[in-house]
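>>> from the sequence below, what's the structure:
(one chain, ligands or ions: 1)
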Amino acid sequence: MCGIIGIENNENASILASLGLVTLQHRGEESAGITISGKGKMKTFTAMGLVSEFFNEDILLNKLPGTAAIGHVRYTTSAKSSLINAQPFQMSCIHGNIAVAHNGNITNFPKLKQELLKKGAIFNHTSDTEILLHLIAMSKGSLANIVATSLCKLEGAFSLVILKDKTIVGARDEYGFRPLVLGKVDSSYIIASESAAVEVIGGTYVRDVKPGEVVVIENGQIKKSFLYKQPKKQNTCIFEQVYFSRPDSIMFGKTVEAARVKMGQFLARQMRDIKADIVMPVPDSGYFAALGFARASNIPFENGFIKNHYVGRSFIKPSQSLRDLTTKLKLRPIKELVAGKEIILIDDSIVRGTTSRELINLLKNCDVKKIHFAISCPPIVGPCYYGIDTPNKEYLIAANNSVEEIRKYLGVESLTFLSLENLVKACSYEGKKDNLFCKSCFTGKYITKFQRMGLSKKLNV
Ligand code: SF4
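The predicted structure is shown next:
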């Protein structure tokens, strides 16, 4: 998963891009970068780590002057976590200097890369995004044309911002797997992964970039907006609302917070026969579902875990040993609050099961009476090939065990997953039936070609 942002027609482009990236930091903590142009030469600055660790005043004001900028925060899904893969990627080609920032996974990347290697292409990075640089460099016509021609060759998940001179381009794959929104601040347009990034920098959310759409923006005007491909049935990642996106971002006509509250309300209905003393979340992403559960069930809500906010999200650390360490550092139960109680504990998901078991053991060490564990999404039975780093099937606990087996492994009194039907109801536009979501990791059925080709491993080439 990654976060991307673009802003144009603004003297403070690099500063606003960096603030937007801080807002999108939850989408990737491993590296960050900004490319700027519009005044002198295009420049890119990338580094490993958090945005706030290295984008200081000197860099933003003195080293990155310009009026148009794109930015990227990254966590690894398809290539090594290293500076060489930190985005944006900038290149010099027949069309001049162009930079690209990408969120998603290009699923036909191995095939396209082989074709280009045979033609003599040289690759500097190991991530799938580089393929787009080659396709752009080899296409002909206006900026809109070269982007559209290149995107037609890609399959899979991609939300993109592209920078050339004073122009930014936003584009989204034909299924709309990853979110991408259009916003406005004064006389500048913004393109961002989530609406919260637009609002934090003083802008207003205008609309989503549509699946299959290319938007070309320059001098505060939308110069062109068109469909590079007829959109397919929309297939936006439902896990964005479960876990990844910020609660204050708008998706499908409501905040992610509202969707999560509904997930909790539906869970409460599914668990109406279970009585408990308190409902408590696993912070932070279980918070709103627990609130919804408490409101619907009239069971008191308590914050029984204290989170150390100076430790990153365990889910997005690239190795198991780092994940284990961060879990222990990250959460601590308040013994006085939980001892002797029957607890409904709410978390957003179970992936490997190891983190959940550790949390439950932490609670058991505080002498809780009983734990009913409730999850605000269905069991994850397949990996994600569209930009979220869920592990291969053999490591997914729900792909290899029944709910009862998982319950026993975790050592809880009961284990309840939100049904897929209720998850879809919670995430959809009010009053509309789902036809909009990717649910592949919950169903094991994938819709893109590379799955039909039988490629089931990660896309490292
Ligand atoms: S497979 Fe799951 S995580 Fe991946 S895009 Fe689909 S719903 Fe989202």
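>>> what about stretch 217-225, start to end distance?
Criterion CA to CA, to the nearest Å; first-to-last residue distance in stretch 217-225 is 9 Å.
>>> in it, what counts as buried?
The neighbour-count check on stretch 217-225 (16 or more other CB atoms under 10 Å) flags 217-218 as buried. For glycine as for every other residue, the C-beta is placed from the backbone atoms N, C-alpha and C.
>>> how about residues contacting it?
8-9, 144, 166-170, 187-189, 191, 213-216 (CB atoms under 8 Å, 6 or more residues apart in numbering).
>>> kindly report the same for stretch 280-299.
Contacts of stretch 280-299 (CB under 8 Å, 6+ apart): 242-243, 247, 257, 260-265, 267-269, 271-272, 275-279, 300-305, 307, 331, 338, 343-348, 359, 374, 376.
>>> could you rerun that using 7 Å?
Taking contacts as CB atoms under 7 Å, 6 or more residues apart in numbering, the residues outside stretch 280-299 that touch it are 243, 247, 257, 260-265, 267-269, 276, 278-279, 300-305, 307, 331, 343-348, 359, 374, 376.
>>> mind listing what the residue of the stretch 51-200 of the chain found nearest the ligand touches?
In the stretch 51-200 of the chain, the residue that lies nearest the ligand is residue 177 (5.4 Å; CB to the nearest ligand atom). By CB under 7 Å, 6+ apart, the contact set of residue 177 is 104, 157, 235-237, 386-387, 438.
>>> now do 10 Å
103-105, 156-159, 211, 234-237, 240, 384-388, 438, 440, 447-448 (CB atoms under 10 Å, 6 or more residues apart in numbering).
>>> keep only these that also lie close to the ligand.
237, 384, 386, 388, 438, 440 (CB under 6 Å from any ligand atom).
>>> now, of the residues you listed, which are buried?
If you count burial by 16+ other CB under 10 Å, the buried members of these come out as 237, 384, 386, 388, 438, 440.
>>> restricted to strands, list the residues you listed.
237, 438 (DSSP state E).
>>> buried among the contacts of stretch 280-299? Need that as a selection in PyMOL.
Per 16+ other CB under 10 Å, the buried members of these correspond to this PyMOL selection:
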select buried, resi 243+247+257+260+261+262+263+264+265+267+268+276+278+279+301+302+304+305+331+343+344+345+346+347+348+359+374+376
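>>> SS state for residue 230?
coil (DSSP: H, G, I helix; E, B strand; the rest coil).
>>> pick out the lowest-pLDDT one from the buried ones among the ones next to the ligand among the contacts of residue 177.
Lowest pLDDT of these: residue 388, 85.
>>> wait, that one sits on residue 237?
Yes - counting by CB atoms under 10 Å, residue 388 does reach residue 237; the two are 7.0 Å apart.
>>> overlap in contacts, these two.
1, 104, 157, 177-178, 243-244, 441.
>>> pLDDT check: weakest of those residues?
residue 1 (81).
>>> who's in contact with the residue of the stretch 251-400 of the chain found nearest the ligand?
Going by CB to the nearest ligand atom, the ligand is nearest to residue 384 of the stretch 251-400 of the chain, at 3.0 Å. Applying CB under 10 Å, 6+ apart to residue 384 gives the contacts 1, 77, 105, 157, 177, 237, 239, 390-391, 438, 440-441, 446.
>>> one step back: and which of the buried ones among the ones next to the ligand among the contacts of residue 177 is nearest residue 395?
residue 384 (12.7 Å; CB to CB).
>>> from residue 417, how far out is the closest one?
According to CB to CB, to the nearest Å, residue 384 and residue 417 sit 17 Å apart.
>>> next one: residue 310
Taking CB to CB as the measure, residue 310 falls 31 Å from residue 417.
>>> higher neighbour count, the two?
residue 417 (23 against 7; other CB atoms under 10 Å).
>>> what's near enough to touch that one?
Here residue 417 is in contact with 267, 270, 349-350, 373-380, 398, 403, 406, 423, 442 (CB under 10 Å, 6+ apart).
>>> cool, residue 349 as well?
Here residue 349 is in contact with 239, 242-243, 282, 285-286, 315, 355-356, 375-380, 390, 398, 417-418, 441-442 (criterion: CB under 10 Å, 6+ apart).
>>> quick one: which of the residues you listed sit in helices?
239, 355-356, 398, 441-442 (DSSP state H).
>>> quick one on the thing from earlier: from the contacts of residue 417, which land in strands?
Counting by DSSP E, the part of the contacts of residue 417 found in strands is 373-375.
>>> could you dump those to TSV with distance to the ligand?
Supplementary listing: the ones in strands among the contacts of residue 417 in TSV, determined by distance: CB to the nearest ligand atom, whole Å:
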residue	distance to the ligand
373	21
374	20
375	14
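>>> sketch out the low-pLDDT regions of the stretch 201-350 of the chain for me.
The stretch 201-350 of the chain contains residues with pLDDT under 70 at 311-328.
>>> on the three-state scheme, residue 182 is what?
Going by three-state DSSP: residue 182 is strand.
>>> now it: closest residue in space, sequence neighbours ignored.
Spatial nearest neighbour of residue 182, chain neighbours left out: residue 206 (4.6 Å); criterion: CB to CB, 6 or more residues apart in numbering.
>>> got the contact list for the residue in the chain sticking out farthest from the centre?
Each residue of the chain has a distance to the centre, and by CA atoms, centre = their mean the biggest one is for residue 340: 37.9 Å. Residues near residue 340 by CB under 10 Å, 6+ apart: 277, 366-369.
>>> again, only this time at 7 Å
367, 369 are the contacts of residue 340 under CB under 7 Å, 6+ apart.
>>> can you name the next helix or strand after the helix or strand harbouring residue 161?
Element membership for residue 161 (DSSP states H and E) is strand 159-164. Using DSSP H and E, the helix or strand that follows strand 159-164 in sequence is strand 167-172.
>>> who is the closest residue to the ligand within the stretch 101-250 of the chain paired with across the strands?
Of all residues in the stretch 101-250 of the chain, residue 237 sits closest to the ligand, at 3.2 Å by CB to the nearest ligand atom. With DSSP bridges as the criterion, residue 237 is bridged to residue 438.
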